[in-house]
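S.K.: turn this into a model:
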Amino acid sequence: MDINTDHDEGADEHSDENTVEDGFFGESVAADYDEGSAEMFRSAAVDPVAGLLAGLAGDGPALEFGVGTGRIALPLAARGVPVHGVELSRAMVRRLREKPGGDAVGVTIGDFATARVPDGAGRFSVAYLVYNTINNLTTQDAQAECFRNAAAHLRPGGTFVVEVGVPELRLLPPGQTAVPFHIGTRRWGFDTLDPADQSMTSHHFLRQEDGSIRYRAIPFRYVWPAELDLMARLAGMVLRDRWEDWSRTPFTGESRGHVSVWEKPGD
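M.R.: Okay, the predicted model is just below:
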């Protein structure tokens, strides 16, 4: 993932389509990102997330790594929580700015593994990464650095929240490397996985109105819950809670995802 720690509170610059600075989320992806993930923008998907995060934020501000087009930041801000985001893609931030309330969310442009919010050290009561975004960091070092970055921004007693899937390697029989994640009438998707280095690529196919097929592939690195716990410990945080989902369903060996909360110890 490209590193860009240039800070911009307003994030108002315009960049050319699919610039290196936007990573894999340039203009062509940002243009229909909300539509392509429409089910994740519905209140049934958003309200439990915003509610849990608002409770963790209390009277303090929240920091979202990978704020994107504001799927969670905007409803969280609507609950009265000051929200700041870190986002690599200027194209995604432009979509955020176009939405009601978008100007109220401060944004620092940069890689959330390393980008620091100006005057943000020790300021936030909760930092969070949702919707598998930790996997956008494609090396173990970058993922571990992200935990250190979160800890640096948190107040003592603050929490870092990550929502991510559990690797579905049990679905892979010997010799198979692909797992489908969406089969529809216009959109198909599958992941290819390499257990040797925990690399993964998501392949997306979209049948457009003219009948042509648009294809894009995005690299990820899948990560295990215990591995994340170790990254948190290396960053000086400890696991406080782990659930299967935002409704706090108990996490079990059969869970296909988890919402984990690590705490930065108080003074």
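S.K.: so how far is stretch 48-66 off the chain centroid?
M.R.: Centroid displacement of stretch 48-66 relative to its chain, using Cα atoms, centre = their mean, to the nearest Å, is 14 Å.
S.K.: any idea of the mean pLDDT in that stretch?
M.R.: Here stretch 48-66 scores 96 as its mean pLDDT.
S.K.: one more: stretch 188-199?
M.R.: For stretch 188-199, mean pLDDT rounds to 90.
S.K.: now do stretch 250-261
M.R.: Averaging pLDDT along stretch 250-261 yields 96.
S.K.: what of stretch 95-114?
M.R.: Average pLDDT, stretch 95-114: 93.
S.K.: for the protein, which segments count as strands?
M.R.: In the chain, the segments counted as strands under DSSP state E are 62-65, 83-87, 106-109, 124-129, 154-165, 178-183, 187-194, 199-207, 213-221, 238-243, 257-263.
S.K.: which other helices and strands contact the third one?
M.R.: This means strand 106-109. Of the remaining helices and strands, those touching strand 106-109 by 3 or more Cβ pairs under 8 Å, 6 or more residues apart in numbering; DSSP states H and E are strand 83-87, helix 90-97. From N, CA and C alone the C-beta is placed, and that goes for glycine too.
S.K.: what is the neighbour count of Ala142?
M.R.: Other residues near Ala142 come to 18 when the count uses other Cβ atoms under 10 Å.
S.K.: how about Thr133: what's its closest non-neighbour residue?
M.R.: Nearest residue to Thr133 in three dimensions, chain neighbours excluded: Gly66, at 4.0 Å (Cβ to Cβ, 6 or more residues apart in numbering).
S.K.: how about the contacts made by the one you found?
M.R.: By Cβ atoms under 8 Å, 6 or more residues apart in numbering, the contact set of Gly66 is Gly85, Val86, Glu87, Leu88, Phe112, Leu129, Val130, Thr133, Asn136.
S.K.: as TSV, the strands of the chain with distance to Gly55 and mean neighbour count would be great.
M.R.: As requested, the strands of the chain are exported to TSV (distance: least, Cβ to Cβ, whole Å; neighbours: other Cβ atoms under 10 Å):
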stretch	distance to Gly55	mean neighbour count
strand 62-65	11	28
strand 83-87	15	27
strand 106-109	22	24
strand 124-129	9	26
strand 154-165	10	21
strand 178-183	30	12
strand 187-194	32	16
strand 199-207	31	16
strand 213-221	29	14
strand 238-243	12	15
strand 257-263	11	20
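S.K.: okay if I get these as a markdown table plus distance to Asp141?
M.R.: Output for those, formatted as a markdown table (distance: least, Cβ to Cβ, whole Å):
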| stretch | distance to Asp141 |
| --- | --- |
| strand 62-65 | 16 |
| strand 83-87 | 18 |
| strand 106-109 | 21 |
| strand 124-129 | 17 |
| strand 154-165 | 17 |
| strand 178-183 | 26 |
| strand 187-194 | 18 |
| strand 199-207 | 14 |
| strand 213-221 | 10 |
| strand 238-243 | 21 |
| strand 257-263 | 19 |
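S.K.: identify the farthest-apart pair in the contacts of Gly66.
M.R.: By the measure Cβ to Cβ, Leu88 and Val130 form the most distant pair in these, at 15.7 Å.
S.K.: which one's more surrounded, those two?
M.R.: Leu88 (25 against 22).
S.K.: name the residues that touch stretch 254-264?
M.R.: Here stretch 254-264 makes contact (Cβ under 8 Å, 6+ apart) with 52, 56, 147, 151, 154-166, 168, 225, 228-229, 232, 236-246, 249, 251.
S.K.: alpha carbons only: can I get it in PDB?
M.R.: Extracted in PDB, the C-alpha atoms of stretch 254-264 (Å, rounded to 0.1, in the frame of the first residue of the first chain):
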ATOM      1  CA  GLU A 254     -17.800 -21.100  14.100                       C
ATOM      2  CA  SER A 255     -17.900 -17.300  13.800                       C
ATOM      3  CA  ARG A 256     -17.100 -16.000  10.300                       C
ATOM      4  CA  GLY A 257     -16.100 -12.600  11.600                       C
ATOM      5  CA  HIS A 258     -15.400 -10.600  14.700                       C
ATOM      6  CA  VAL A 259     -15.600  -7.200  16.300                       C
ATOM      7  CA  SER A 260     -12.700  -6.800  18.700                       C
ATOM      8  CA  VAL A 261     -12.000  -4.100  21.200                       C
ATOM      9  CA  TRP A 262      -8.600  -3.400  22.600                       C
ATOM     10  CA  GLU A 263      -7.900  -0.900  25.400                       C
ATOM     11  CA  LYS A 264      -5.000   1.400  26.000                       C
END
